[in-house]
Every structure is written in structure tokens, then in C-alpha cells.
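Engineer: Using only what follows, build the 3D model:
(one chain, ligands or ions: 1)
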Amino acid sequence: MAVADGATAPPRPEHDPDDVTWIEPPVCPECGALIRIYPTTCDRWVSLAPMELPAKDVPEAFRWRLMPLPTRSPIPADIVAVRVRGIDPLPSEPVVPAHSMMCVPEWGEP
Ligand SMILES: [Zn+2]
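Structural biologist: Modelled structure (predicted):
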């Protein structure tokens, strides 16, 4: 009897392609730095740095801001990344830099 020798664990579940469980924090495949990946309002995805920086330290092309997706619910259902453009943020205003601003692949160093 299998039970007698301790083989009581259920069989391993088949790999489920719909299982999107992701326990590892996302890292950049280029440089290995921690990143946050957010959807944008135009159905693209963007890699952002895990922290905010004052706008004066982030070139305009890399400035992003995280916004709750507007819904009828009082609780924001989701977060989207929105490019900061049009109005200039104050120099001290925090923005989220795109990871590409600080992406330095290890093999990219001379
Ligand atoms: Zn990178």
C-alpha cells in the first residue's frame, strides 16, 4: 500500500497555462534591476523604476505618473501609467522615471 510508506501527497498538478502566479518581483532582463511594469492608457506596457524622483532629475521624455484607472467604484480598480506631458511639473514634484532612463546593462560598461 502506498500510504504505508508516506506517499500521501497528492500528485503534482499539471502545469496550468492560465496560472499567472508570479512570485518573483519583475526585474529588467537587460540589467537585472527591479522594475515595476504597468499598463498604459494606450494598451502598451511600460517598465518603470521602483521609486519616484523629483521631476528636475528626470528628463521630460522619461517622466511618468501612476494614476488610478477611473471607474464608477470609489475604490480604484487598477493603476495605469500616464506620461507626464503638456504641463511642466514643478522641479520638486515627484514623478516615476521610466526604467529605460537608468537601464545600464552590465555588459554595456566599457
Ligand atoms: Zn534595465
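
Engineer: Contact distance from the ion - what residues of the chain qualify?
Structural biologist: Contacts of the chain with the ion, taken as C-beta under 5 Å from the ion, map to 28, 30, 31, 103. Using the backbone N, CA and C atoms, a C-beta is placed for each residue, glycine as well.

Engineer: mind redoing it with 8 Å?
Structural biologist: 28-33, 35, 47, 99-100, 102-105 (C-beta under 8 Å from the ion).

Engineer: What subset of the residues you listed is buried?
Structural biologist: Neighbour counting with 16 or more other C-beta atoms under 10 Å marks 28, 30, 35, 47, 99, 103 as buried within these.

Engineer: Now, the residues you listed that are in strands?
Structural biologist: residue 47 (DSSP state E).

Engineer: From the buried ones among the residues of the chain next to the ion, which one has the minimum pLDDT?
Structural biologist: Least confident of those in the model: residue 30, at 87.

Engineer: Any chance of CSV for the buried ones among the residues of the chain next to the ion, columns distance to residue 90?
Structural biologist: Formatted as CSV, these follow (distance: C-beta to C-beta, whole Å):
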residue, distance to residue 90
28, 29
30, 31
35, 26
47, 25
99, 23
103, 26
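
Engineer: Surely residue 38 touches residue 44?
Structural biologist: No. Using C-beta atoms under 8 Å, residue 38 is not in contact with residue 44, being 9.8 Å away.

Engineer: who's more crowded, these two?
Structural biologist: The neighbour comparison of residue 38 against residue 44 (other C-beta atoms under 10 Å) goes to residue 38, with 19 against 9.

Engineer: Next, the contact list for that one, please.
Structural biologist: 45, 46, 48, 66, 79, 80, 81 (C-beta atoms under 8 Å, 6 or more residues apart in numbering).

Engineer: And the strands in this protein?
Structural biologist: 36-39, 45-48, 53-54, 63-68, 79-83, 94-97.
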